[in-house]
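Chemist: When you get a sec, could you give me coordinates for this:
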Amino acid sequence: MARKPTRSRSAAPRRLLLTGIACAGILVLAAGALLGYALHETGRGALSSFIGGKFSLVDQNGKPFTEANLAGKWELVFFGYTHCPDVCPTTLNELSLAFDKLPAADRSRIGVVFISVDPERDTPAVLKEYVSSFSAPVTALTGTPEEVAQAAKDYRVYYAKHALKGGGYDMDHSALIYVMDPNGRFTTSFTPDESGDEMAVQLEKLVS
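Modeler: All right, here's what the predicted structure looks like:
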C-alpha cells in the first residue's frame, strides 16, 4: 500500500515567515501613506512641532544656509536629487507653474528650498545648473552626508541609495512638499500629484 506523502516540517514555518514579511511590508506602506495624509490634513495641528528643525547646509553658490534663512518668507521645502528621472523635475516644474499663477506681490513672499539627498553627486555647481532650468526662485542645498541626514531627520524624510543592475544608483526618497510659514513652522504639505494650479490656489489663501 502506498504511503500518503507527508509535509516537510519546515514548510509551515517558512510559510509563516513569508506571510510575516509580506504583512510587515504592507504595514510600512500603510504607515507612509497615513503619515502623508496626516501631514496634508493636519495643518497647524499637533504635527507642526515635529516637522523642521536645526540644520546646516550650503546653497548652490557655496554659501552657508541654515534654518534661520527660512525666516521671513513662506518656504516650500522639497527633498530630491538632480539625477531623479521623474518626480523631482516634475514637481519643480509644477511649482514653477504655481508661481506663474500667483500675483507678483505673493510671489515675492514665497521661496522654494530644494534639499539634495544625493550629496555624493550633487555639488553646489551641479545644483546651480540644475535649478536654473526652472523659473521658480529655487534655493538648492547640499552638504556632507551627515549634514543632509540631519536635515532629512528634521523633516521626517526617508531616503536610501538603490543600486542599479548596470551600475550606478538611484535614490529612493519621500516626495512631500513641506510648507513652512515665515516663522519657520510647518503649516501644511503638498503632494507630487497636485498640479501647479491647485498649489497656486492654496498658496494664495495662505499668504493673503
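Chemist: residue boundaries of the helices in the chain?
Modeler: 11-42, 87-101, 104-107, 124-131, 145-154, 196-207 (DSSP state H).
Chemist: Lowest average confidence across those helices, which one?
Modeler: Of all the helices of the chain, the minimum mean pLDDT falls on helix 11-42 (a mean of 43).
Chemist: Apart from its chain neighbours, what residue comes closest to S56?
Modeler: Nearest residue to S56, sequence neighbours excluded (Cβ to Cβ, 6 or more residues apart in numbering): T66, at 5.2 Å. Yep, even glycine has a C-beta here, placed from its N, CA and C like the rest.
Chemist: can you count the residues close to F78?
Modeler: 24 (other Cβ atoms under 10 Å).
Chemist: V131 versus the closest residue in space to it that isn't next to it in sequence, what's the distance?
Modeler: Among residues not flanking F78 along the chain, I177 sits closest, at 4.9 Å (Cβ to Cβ, 6+ apart). For I177, the distance to V131 equals 15 Å [Cβ to Cβ, to the nearest Å].
Chemist: higher neighbour count, the two?
Modeler: I177 (23 against 19).
Chemist: shouldn't that one be in contact with E75?
Modeler: No: in this structure I177 lies outside contact range of E75 using Cβ atoms under 8 Å: 10.2 Å.
Chemist: Please name the bridge partners of the residue nearest to F78.
Modeler: F78, F190 (DSSP bridges).
Chemist: how close does it get to T66?
Modeler: 20 Å.
Chemist: on that earlier part again, how about the contacts made by the residue nearest to F78?
Modeler: 76-78, 91, 95, 189-192, 199 (Cβ atoms under 8 Å, 6 or more residues apart in numbering).
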